[in-house]
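> turn this into a model:
(2 chains)
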Amino acid sequence: GENVEQHPSTLSVQEGDSAVIKCTYSDSASNYFPWYKQELGKRPQLIIDIRSNVGEKKDQRIAVTLNKTAKHFSLHITETQPEDSAVYFCAASIKGNNRLAFGKGNQVVVIP
Amino acid sequence: EAEVAQSPRYKITEKSQAVAFWCDPISGHATLYWYRQILGQGPELLVQFQDESVVDDSQLPKDRFSAERLKGVDSTLKIQPAELGDSAMYLCASSSYRGPETQYFGPGTRLLVL
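Got it, this is the predicted structure:
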């Protein structure tokens, strides 16, 4: 299968708190997992990605963790700010790792 | 910083009409993707090019959709005839790798079919 699912669909957090979005995938051969941020009316932008040979990757306030056994990976945003409000899409490589399958997206709302 | 360009940004058309979207990838990027994004959903791949060749068009409704990348640079996606259900955002992305990594998206063309 090529299913990529994200939970929760909507997440509201107070400014300064942490936000965690979980993504599950079904293709055990997947080896590349990016996260994209899409602000209203704008293009999706890659914010962080991880490959299957790494369990965790961090970039300032953003981190991604990968559990290949359980086939899920999570986006962690610490010290959230209003500008973090957006829709976040996870994706996983499929079909021999030649293309990406995207989740439906998580709406993150940071409350000032 | 180089970006993927798309035009038009918005398109309103009536059903049964033909529409065309254009994409210019980042210079030097061999792989080009066309995605359709329905409101509230993630992008869904329509077609993938490697240079001028189609690598994957398994999700492209070939009875009405066509795509080409004749010189392996810019690309055109066409819908003929357009149907009400085609209303969506059409995103183009490019990558310098043969695989799916590090795709850069264009601003998209928002299509409304009346």
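> B:G85 falls within a helix, correct?
Yes. Under DSSP: H, G, I helix; E, B strand; the rest coil, B:G85 sits within a helix.
> partners of the closest residue to it other than its chain neighbours in the sheet?
Nearest residue to B:G85 in three dimensions, chain neighbours excluded: B:V113, at 7.8 Å (Cβ to Cβ, 6 or more residues apart in numbering or on different chains). Bear in mind the C-beta positions are built from the backbone N, C-alpha and C, glycine included. According to DSSP bridges, the partner residues bridging B:V113 are B:T13.
> how far away is B:V113 from B:Q6?
18 Å (Cβ to Cβ, to the nearest Å).
> which ones are touching the residue nearest to B:G85?
Counting by Cβ atoms under 8 Å, 6 or more residues apart in numbering or on different chains, B:V113 touches B:13-15, B:82-87.
> list the contacts of A:I111.
A:I111 touches A:12-15, counting by Cβ under 8 Å, 6+ apart.
> might you report the residue contacts of A:F89?
A:F89 is in contact with A:6, A:35-38, A:44, A:102-106, B:42-43, counting by Cβ under 8 Å, 6+ apart.
> so where does it fall, helix or strand?
In this assignment (DSSP states H and E), A:F89 forms part of strand A:86-94.
> any idea how far the closest residue to chain B within chain A is from B:I38?
Nearest residue of chain A to chain B (Cβ to the nearest Cβ) works out as A:F102 at 3.3 Å. In this view, A:F102 and B:I38 are 12 Å apart by Cβ to Cβ.
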